[in-house]
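Asker: 3D model of this:
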Amino acid sequence: MIGLLHNEWLKSWYGRKMWLFSFIMFILVAGSVGISLFAQSNMSDAITAQGFAEVSVFLFPMFVMIYGVILIAGAIAGEHVNGTIKQLLIRPASRSTLLASKWLGNTLFATLFFFLLIGVTTVVGLLVFTTNGTSATTILNDMFSMGAYQLPTMLFYMALATLIAVTTKSTALTIVITFAPMFFGSLLQMFIIRYEWSKWIVLTHIDFFNNYHQIGMMPGPFESMWASLGFLFVHIALFLLIAHIVFQKRDVL
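Answerer: Residues are numbered from 1 along each chain as shown. A predicted model of the protein is given here:
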């Protein structure tokens, strides 16, 4: 299993161009600093380190979620298309172990990058902008707390992408179908939130950050954050279970 995980990490870094994505994120972070400094020169109030970090931690992790789905699509559907999945299946590892290593390896990789990005943007904010009396430890804790509330959403999308990739064997379909809840889930939630039964629709639970950390116009589907988190993780486990069953049964040719 460790060997398979290491194999996935190497593929993610070199074969799926994680280094290129890292460079793009570096440009985005640097660009956001430049824009913030330019805007600050035309503002009466100074941009604080916490303000910069909050905007960054709200926006940038979405790019990691999107790339995480692309990683999963490439690891499963992409290898079916290229035929490299056959080389892995001749190993003594079972199909369940192989699929688990793909999901776990890419999820750990995306999660590590997710929190690394949060740490980098927060430190950049602390170095460039004024803290306005707020301690660096407090700002870091707040930003990682924001990230923790966004993490269940990324895990959900990567589990869904695993199921779609195994079922369709198509990278394009995996990306399109997985992204559908990301773009239309909030819109659907606005229409059905008035109904009591809407809380049992998983789409109302996906945006965990806005439901329970940054409370907006729509309240969380459950009063308890932990109940909602449990409901979401039940669906994640169900997606992975179905994916393993399908992967066991389907021909890879």
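Asker: Name the residues of stretch 133-149 that are buried.
Answerer: Neighbour counts over stretch 133-149 (16 or more other CB atoms under 10 Å) mark Ile139, Leu140, Asp142, Met143, Met146, Gly147, Tyr149 as buried. From N, CA and C alone the C-beta is placed, and that goes for glycine too.
Asker: Reformat these into TSV and put distance to Ala159 next to each item.
Answerer: Converted to TSV, the buried residues of stretch 133-149 look like this (distance: CB to CB, whole Å):
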residue	distance to Ala159
Ile139	31
Leu140	29
Asp142	28
Met143	25
Met146	22
Gly147	19
Tyr149	18
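Asker: closest to Gly74 among the residues you listed?
Answerer: Closest approach to Gly74 among those (CB to CB): Gly147, at 24.2 Å.
Asker: Would you confirm that that closest one contacts Ile118?
Answerer: Yes - the pair Gly147 / Ile118 is scored as a contact, 4.4 Å apart, by CB atoms under 8 Å.
Asker: list residues touching both of these two?
Answerer: Val57, Pro61 (CB atoms under 8 Å, 6 or more residues apart in numbering).
Asker: quick one on the thing from earlier: which of the buried residues of stretch 133-149 sits closest to Phe114?
Answerer: Using CB to CB, the buried residues of stretch 133-149 come closest to Phe114 at Gly147, 6.6 Å.
Asker: Doesn't that closest one lie inside a strand?
Answerer: No - using DSSP: H, G, I helix; E, B strand; the rest coil, the assignment for Gly147 is helix, not a strand.
Asker: got the buried residues of stretch 133-149 as CSV, with pLDDT and distance to Phe23 columns?
Answerer: As requested, these are exported to CSV (pLDDT from 0 to 100; distance: CB to CB, whole Å):
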residue, pLDDT, distance to Phe23
Ile139, 88, 26
Leu140, 90, 25
Asp142, 89, 28
Met143, 89, 23
Met146, 88, 24
Gly147, 89, 21
Tyr149, 90, 28
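Asker: Just name the closest of those to Thr130, please.
Answerer: Taking CB to CB as the measure, Thr130 lies nearest Ile139 of the buried residues of stretch 133-149, at 11.4 Å.
Asker: Now the closest one: which helix or strand?
Answerer: helix 136-168 (DSSP states H and E).
Asker: Give me the mean pLDDT for stretch 165-181.
Answerer: Along stretch 165-181, the predicted confidence averages to a pLDDT of 84.
Asker: by contact count, what packs against the helix holding Ile139?
Answerer: Here helix 136-168 touches helix 49-73, helix 95-128, helix 171-192, helix 208-212, helix 225-249, going by 3 or more CB pairs under 8 Å, 6 or more residues apart in numbering; DSSP states H and E.
Asker: do you know which of those lies nearest Ser36?
Answerer: helix 49-73 (5.7 Å).
Asker: Show me what the closest one is packed up against.
Answerer: Helix 49-73 packs on helix 18-40, helix 95-128, helix 136-168, helix 171-192, going by 3+ CB pairs under 8 Å, 6+ apart.
Asker: What is the burial count for Val202?
Answerer: The tally of other residues near Val202 (other CB atoms under 10 Å) stands at 18.
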